[in-house]
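In: just the structure for this:
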Amino acid sequence: MIVFDSSTLILLAKIDVLELFISDYGGQVVIPEKVREEVLMKDGDETPGLYALIKDARIGVLRASDGKLPQKLMDDFNIDSGEAEAIAAALKKRATVATDDRNAIRACKFLKIDFITAIAILIRAVEKGLIDKSEAIFKLEKLADVGRYKKTIIVDARRHIKGGIPDVSENS
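Out: As a prediction, the model looks like this:
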């Protein structure tokens, strides 16, 4: 089971990889109620697609856990309620968290919860042959535009996608 927070869900939807991931993933993809509220409140191009995936139960929605653990996670790790509910659900269900939020990643590391990012999902899609390298590079550049990634993360991801071949623009 993978529990998504809103940032990673939206990022994957923006680069048209979310549905591909869900179709290929053998486990259950879920979001907490708070994440559902967050993604459906946004007015973006990806909202209708997210709504359809939730409506068709391709993305399950988990009921909110008791408010104490998410609130403690918010206080301890300086994360928003969607990330806190995703981490709380992952703790309860022994699931992986899909997050690109820096503080949520730190919380997962501290709590020893497995996590995955949108970039890791994109790289894995290439490794599994679900998308070709040139399409993945295009999607990575789009992620670089819409996400808040350090340049070194994008450079490293590009290297992974290209199969370990250094990018000549890295030396510029």
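In: just give me the neighbour total for Asp114.
Out: Residues near Asp114, counting by other Cβ atoms under 10 Å, number 11. C-beta here means a position set from N, CA and C on the backbone, and glycine is covered the same way.
In: typed the wrong thing, it's Lys151
Out: 9.
In: domains in the protein, by residue range?
Out: The chain breaks down into these domains under automatic domain parsing: 2-118, 131-171.
In: what mean pLDDT would you report for the last one?
Out: Spelled out, it's domain 131-171. Regarding domain 131-171, the rounded mean pLDDT is 84.
In: and the domains of the chain, which one is worst for confidence?
Out: Among the domains of the chain, domain 131-171 scores lowest, with a mean of 84.
In: so who does Asp100 touch?
Out: Contact analysis of Asp100 by Cβ atoms under 8 Å, 6 or more residues apart in numbering lists 7-8, 11, 117-119, 147-149.
In: buried members of those residues into ChimeraX, please.
Out: The following ChimeraX line selects those of these that are buried, judged by 16 or more other Cβ atoms under 10 Å:
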select :7,8,11,117,118,119,147,149
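In: first vs last residue of stretch 95-114, how far apart are they?
Out: 7 Å (Cα to Cα, to the nearest Å).
In: let me redo that: stretch 142-150
Out: End residues of stretch 142-150 are separated by 14 Å (Cα to Cα).
In: give me the contacts around it.
Out: 11, 14-15, 100, 118-119, 122, 154.
In: of all those, which comes closest to Glu85?
Out: Asp100 (16.1 Å; Cβ to Cβ).
In: I'd like the distance between Ile10 and Val3.
Out: According to Cβ to Cβ, to the nearest Å, Ile10 and Val3 sit 15 Å apart.
In: re the thing from before, okay, the domains of the chain, which one's buried deepest?
Out: domain 2-118 (a mean of 19; mean count of other Cβ atoms under 10 Å).
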